[in-house]
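[1] can't give you the sequence, but here's the structure:
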Ligand SMILES: N[C@@H]1[C@@H](O)[C@H](O)[C@@H](COP(=O)(O)O)O[C@@H]1O
């Protein structure tokens, strides 16, 4: 498949860090990917429909999309999905040759060694494999049985912006096409409004997020909490956005686990970022928010209802841009380039 890099000619402003332009590139990346890969994703959806089990493999930003789709569809269907890191799949997964299972490997670069070795193991056991990657001539794109190529152009910022939304989008198309209910069809219809939604959020959410960043610029540790499908986003926020991007300490917490650890640490001076979908997934998150309020914890709330009027199972698409602006400006307030890296590059160790 022809590389998309030569055809994209976006101007990178020399005055801003790479992440700035990459936030802005998200709508065009989505539109190009939809135009080029929509039918292909629907085909993969059919191919994977009758499998006994589907493994989703990735790491960092890429595994966060796997957690999100797993948790988004589990309230609507009993599709058997198992999310694993490449290392776990390679080192600890028992497999039987020729079993009726499939593996979807998510990787911006298509080269991450742990995910690549999982692909090679899946092939050794003759399982169906599909890579979702941003690099059309990467090892994963070449070695998997099939590959969905996200057309984002080069992504420089370490934490993953446009590759995150397009990868997540591809997983939604694949899995929501497997569920034929009225609700899933409504979600699929709304999914195709996401490029417009993101375009609008890029224009309208920066100032508010910048202010949140200013207020919290000296915070050292951010706990990131969500339940249901928002756990995947909380994971991405902590692992790649705060730690890799803003170089701040952070820890993802599943809201259901709040009272088994973090509850003993919350007090005035501790900061918790809550992600809310505004539906009944949020019961346990709401209880944690109330508990923290009573203890004067520094709570930062990103709630779907404040940003978009879409189905709660699409929440990550509505919250990602305000979160990106928050991380972008938090980094600037701390004199850090949000896209740079200290020890690990875009192409891995
Ligand atoms: N520092 C990077 C992360 O930012 C990235 O999310 C992850 C997965 O990379 P890829 O999606 O290319 O497999 O690898 C590294 O850990």
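    Now that the structure is in, tell me what you want to look at. Note that the structure is predicted; figures quoted are calculated from it, not measured. Numbering: from 1, shown residues only.
[2] tell me the buried residues in whichever helix or strand residue 89 is part of?
    Assigned by DSSP states H and E, residue 89 belongs to helix 86-92. Using 16 or more other C-beta atoms under 10 Å as the test for burial, helix 86-92 gives 86, 89-90. Every residue, glycine included, has its C-beta placed from N, CA and C.
[3] please apply the same query to stretch 299-310.
    For stretch 299-310, by 16+ other C-beta under 10 Å, it's 299-300, 302-304, 307-308, 310.
[4] which among the residues you listed are in contact with the ligand?
    Residues of those in contact with the ligand (C-beta under 6 Å from any ligand atom): none.
[5] of the residues you listed, closest to residue 177?
    residue 310 (18.2 Å; C-beta to C-beta).
[6] doesn't that closest one fall inside a strand?
    No. Counting by DSSP: H, G, I helix; E, B strand; the rest coil, residue 310 is not found in a strand; it is coil.
[7] the nearest residue to it once chain neighbours are set aside: how many residues sit nearby?
    With sequence-adjacent residues excluded and distances taken as C-beta to C-beta, 6 or more residues apart in numbering, residue 310 is closest to residue 190, at 5.2 Å. By other C-beta atoms under 10 Å, the residues close to residue 190 number 17.
[8] now do residue 190, the pLDDT please.
    For residue 190, the pLDDT comes out at 98.
[9] same check, this time on the one 4 residues further on
    Model confidence at residue 194, given as pLDDT, is 98.
[10] ok, it - contacts?
    Neighbour list for residue 194: 30, 165, 169, 314, 317 [criterion: C-beta atoms under 8 Å, 6 or more residues apart in numbering].
[11] pull the number of nearby residues for residue 181.
    Look at residue 181: counted by other C-beta under 10 Å, it has 11 neighbours.
[12] tell me if I'm right that it and residue 76 touch.
    Yes. Contact criterion C-beta atoms under 8 Å: residue 181 and residue 76 qualify, at 6.4 Å.
[13] now the buried residues of helix 86-92 as CSV including pLDDT and distance to the ligand?
    CSV is the format used below for the buried residues of helix 86-92 (pLDDT from 0 to 100; distance: C-beta to the nearest ligand atom, whole Å):
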residue, pLDDT, distance to the ligand
86, 96, 8
89, 97, 14
90, 97, 14
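[14] you'd agree residue 148 is in a strand?
    Yes. The assignment for residue 148 by three-state DSSP puts it in a strand.
[15] does the nearest residue to it once chain neighbours are set aside count as helix, strand or coil?
    Distance criterion C-beta to C-beta, 6+ apart; nearest residue to residue 148, sequence neighbours excluded, is residue 132 at 4.6 Å. Under three-state DSSP, the three-state class of residue 132 is strand.
[16] quick check: phi and psi at the nearest residue to residue 186 once chain neighbours are set aside.
    Excluding the flanking residues, the one nearest residue 186 by C-beta to C-beta, 6+ apart is residue 311, at 6.7 Å. Dihedral pair for residue 311: phi -60, psi 140, per degrees, to the nearest 10.
[17] in which helix or strand would I find residue 183?
    Counting by DSSP H and E, residue 183 is found in helix 182-191.
[18] list the contacts of that helix.
    76-77, 169, 172-173, 176-177, 310-311, 313-314, 317.
[19] one more time with 7 Å
    76, 172, 176-177, 310-311, 313-314 (C-beta atoms under 7 Å, 6 or more residues apart in numbering).
[20] flag every buried residue along that helix.
    Buried, per 16+ other C-beta under 10 Å, within helix 182-191: 184, 187, 190-191.
[21] which of the residues you listed lies closest to the ligand?
    residue 191 (21.5 Å; C-beta to the nearest ligand atom).
[22] nearest to the ligand: which residue in the stretch 51-200 of the chain?
    For the stretch 51-200 of the chain, C-beta to the nearest ligand atom, closest residue to the ligand: residue 60, 2.5 Å.
[23] show me what contacts that residue?
    239-240.
[24] quick check: residues of the protein near the ligand?
    59-62, 107-109, 112, 115, 158-160, 240, 244, 344, 348.
[25] wait, residue 44 sits on residue 130?
    Yes. Counting by C-beta atoms under 7 Å, residue 44 touches residue 130, with 5.6 Å between them.
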